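**Student:** Fold the stuff below for me.
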Amino acid sequence: MDTIPQKESEKVEFKSSFDSECIETLAAFANSRGGSVYVGIGDGRKTVGVSLGKETLVQWVNEIKSKTEPSIVPDIDVSDENQKQVVVLSVTEFPVKPVSVRGKYFKRVGSSNHLMNLNEILNMHTQTFNSSWDYYIDTHHQVTDISEEKANHLISLYNKSREIPIENDVPEFLAKMELIREGKLTHAAFLLLMKCESVVSTIELGHFQDEITIKDGITISADLVTEVEDVLSFIRKHISKAYIITGNPAREERWDYPLDALREIVMNMIVHRDYAHYGDSSVKIYNDRIEFFNPGRLPDRISIENLMSGNYVSICRNKLVSKIFKEISWIEKYGTGIRRVTSLFLAYGAPAPVFENFQHGFRVTAYPVKSDLEIVNNLENGQKNTNDLGNDLVNDLVNSPGYYLVNNSVNDLENDLVNDLEVGNDLENNPSNDLVNDLVNSPGYYPVNNSENDLVNDPGNDLVNGHGYYLENNSGNDLVNDPGNDLVNDLVNGSGYYLENNSGNDLVNDPGNDLVNDLENDLSENQQKILSEMQKSRRITQEKLSRIIGISEKNIRININVLKGKGFIERVGPDKGGYWKILI
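**Tutor:** Sure, this is the predicted structure:
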């Protein structure tokens with residue numbers, strides 16, 4: 001036997017004697033990743049030993065076999081530890097799960113055994129047979145409960161992505177897609193094609209004035225294909241959009257949120273919901289965020305960190321529904337949705353959404369970009385414009401090739417200002433999205449009258465030449481010369497340029513300061529208070545912050561997420577025992 005581990009864990013359990021809890025632990029190990037029970041090791045890892053008779057081990061094995069279903073037979077190892085006998089009972093992950101102990105099912109979570117609920121038992125069973133709940137026959141509904149019209153619509157969606165379309169033969173299509181087997185409906189077939197509404201697919205939609213006051217709300221309980229459009233229609237109804245004059249004949253629409261990312265969230269919500277759970281999905285639209293909630297937490301083996309990094313193997317909760325959505329090209333590839341959503345938000349100039357396990361399900365919280373009115377007000381009031389990609393203009397310009405300032409959204413970088421300055425084509429006379437218009441619309445910046453590539457008060461030269469030339473006007477709040485350097489190198493190296501909050505939004509030379517340090521002034525009052533309290537006490541709790549600042553714990557969490565998203569703080573360690581690390 002190898003050396004006894006120092007402590008209990010996901011795969012290690014200490015028991016002073018053999019009893020029913022030993023058997024429950026072995027079953028939990030078999031339902032998880034395997035493990036070992038050390039019989040004869042008591043509390044505090046104290047070796048108490050066990051007395052073994054001639055038939056003791058045989059009796060233990062027989063008892064384990066008789067009390068488990070399917071029967072498990074552990075490997076047994078006996079050794080002397082401090083002149084006392086210790087028995088190690090080991091099992092591997094069982095191929096047919098879940099294993100029960102007299103009708104009860106346990107799984108290993110950390111160093112404890114947890115009694116599984118009905119949904120967990122069902123999901124573990126279906127995963128064992130490489131299947132899922134939606135693949136099984138729906139015993140509560142008949143073929144007459146689905147709509148032929150909706151089936152034909154599904155076929156038309158399927159044919160859009162096919163070079164050779166299939167015939168509108170509904171029975172043949174449903175059989176080919178395994179939605180109907182041996183003349184019986186699967187759960188997936190009913191969810192996708194239900195003729196009438198059903199509580200199985202209920203989604204609650206609400207538009208809130210504040211945390212508790214609802215202004216508009218509806219309940220939908222339709223087929224899954226219809227629900228995608230119904231949810232998106234409700235969202236579009238209650239979020240804002242601006243019309244942008246671009247110089248083209250048609251106006252450009254700009255919504256508070258990237259619609260393609262919202263669509264991706266909605267489809268993932270509908271495809272990956274736990275439809276065997278009693279709870280409903282919900283979408284809550286607030287003035288400053290949208291919350292999407294779904295019954296069904298992440299699988300035990302996938303953490304939020306795995307999800308964000310893409311370092312995991314995708315597990316489809318509803319394999320048949322996922323297959324259909326992929327066949328009609330509504331989802332592209334399994335396991336890429338979260339990263340795609342995050343990329344779309346960042347590219348749009350909005351903060352990355354927050355993904356989290358919450359109660360009995362999974363929640364996504366999305367935040368909007370600033371409206372054009374907010375941007376104009378910020379400019380007029382002399383507030384800074386911080387880039388949404390990490391809140392650090394220097395790093396964004398250096399590390400995000402292909403980003404530049406767009407005229408109608410100062411918070412959105414969509415080309416590379418540094419590269420443009422270096423190659424000499426930064427000031428392109430394109431009214432819809434060029435640096436000239438951005439400079440014109442920011443106090444203190446404007447082009448010289450006789451050259452679209454020159455800047456005021458530097459006749460015959462411009463920033464492109466990179467000789468330290470700067471803008472000068474009466475306000476004194478323009479780009480200041482940094483002798484021996486140029487704008488490109490200043491931006492790349494971060495040599496003392498930052499956005500000054502009260503001086504017309506221009507870049508000002510401030511030795512000893514930088515872009516990052518000045519960003520603190522861009523926080524709301526409550527966010528500044530939270531940051532201040534965290535600086536005083538790195539281990540302050542959300543409950544204490546709520547009492548000090550006078551807002552709810554929920555609002556504390558929302559503001560903390562904003563501070564995390566802007567790169568001001570990060571959490572080190574667990575919720576209990578960890579601390580706040582101030583990054584800026």
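
**Student:** can you list contacts of stretch 41-51?
**Tutor:** 4, 6-7, 14-18, 39-40, 81-82, 84-87 (C-beta atoms under 8 Å, 6 or more residues apart in numbering). Any C-beta I mention is one placed from the backbone N, CA and C, and that applies to glycine too.

**Student:** where in the stretch 401-550 of the chain is pLDDT low?
**Tutor:** Filtered on pLDDT under 70, the stretch 401-550 of the chain yields the residue ranges 401-522.

**Student:** rewinding a little: and the contacts of stretch 41-51, which is closest to Pro249?
**Tutor:** Checking the contacts of stretch 41-51 against Pro249 with C-beta to C-beta, the nearest one is Lys7 at 70.4 Å.

**Student:** Provide the secondary structure category for the closest one.
**Tutor:** What DSSP: H, G, I helix; E, B strand; the rest coil gives for Lys7 is coil.

**Student:** if I look at it, how far off is Glu13?
**Tutor:** 11 Å (C-beta to C-beta, to the nearest Å).

**Student:** Next: Ser66.
**Tutor:** 21 Å.

**Student:** higher neighbour count, those two?
**Tutor:** Neighbour totals were compared for Ser66 and Glu13, and Glu13 leads with 26 against 11 (other C-beta atoms under 10 Å).

**Student:** to the chain's geometric centre, what's the distance from the helix or strand where the more buried one lies?
**Tutor:** Using DSSP states H and E, Glu13 maps to strand 12-15. Relative to its chain's centre, strand 12-15 lies at 36 Å (C-alpha atoms, centre = their mean, to the nearest Å).

**Student:** pLDDT averaged over that strand - what is it?
**Tutor:** For strand 12-15, mean pLDDT rounds to 96.

**Student:** which intervals of the stretch 151-300 of the chain have sub-threshold pLDDT?
**Tutor:** 245-248, 250.

**Student:** what sits against the closest residue to Arg251 other than its chain neighbours?
**Tutor:** Take Arg251 and drop its neighbours on the chain: the residue closest to it by C-beta to C-beta, 6 or more residues apart in numbering is Tyr243, 4.5 Å away. The contact partners of Tyr243, taken as C-beta under 8 Å, 6+ apart, are Arg251, Glu252, Glu253, Arg254.

**Student:** Mind checking which of those are buried?
**Tutor:** Arg254 (16 or more other C-beta atoms under 10 Å).

**Student:** and the contacts of Tyr243 as TSV, adding distance to Ile558 and secondary structure?
**Tutor:** Compiled in TSV, the contacts of Tyr243 are given as follows (distance: C-beta to C-beta, whole Å; DSSP: H, G, I helix; E, B strand; the rest coil):
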residue	distance to Ile558	secondary structure
Arg251	33	coil
Glu252	31	strand
Glu253	28	strand
Arg254	24	strand
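
**Student:** between the contacts of Tyr243, which is closest to Gln535?
**Tutor:** Arg254 (36.7 Å).

**Student:** And the contacts of Tyr243, which is closest to Leu224?
**Tutor:** Using C-beta to C-beta, these come closest to Leu224 at Glu253, 27.5 Å.

**Student:** Name whatever forms a beta bridge with that closest one.
**Tutor:** As for beta bridges, Glu253 partners with Tyr243 under DSSP bridges.
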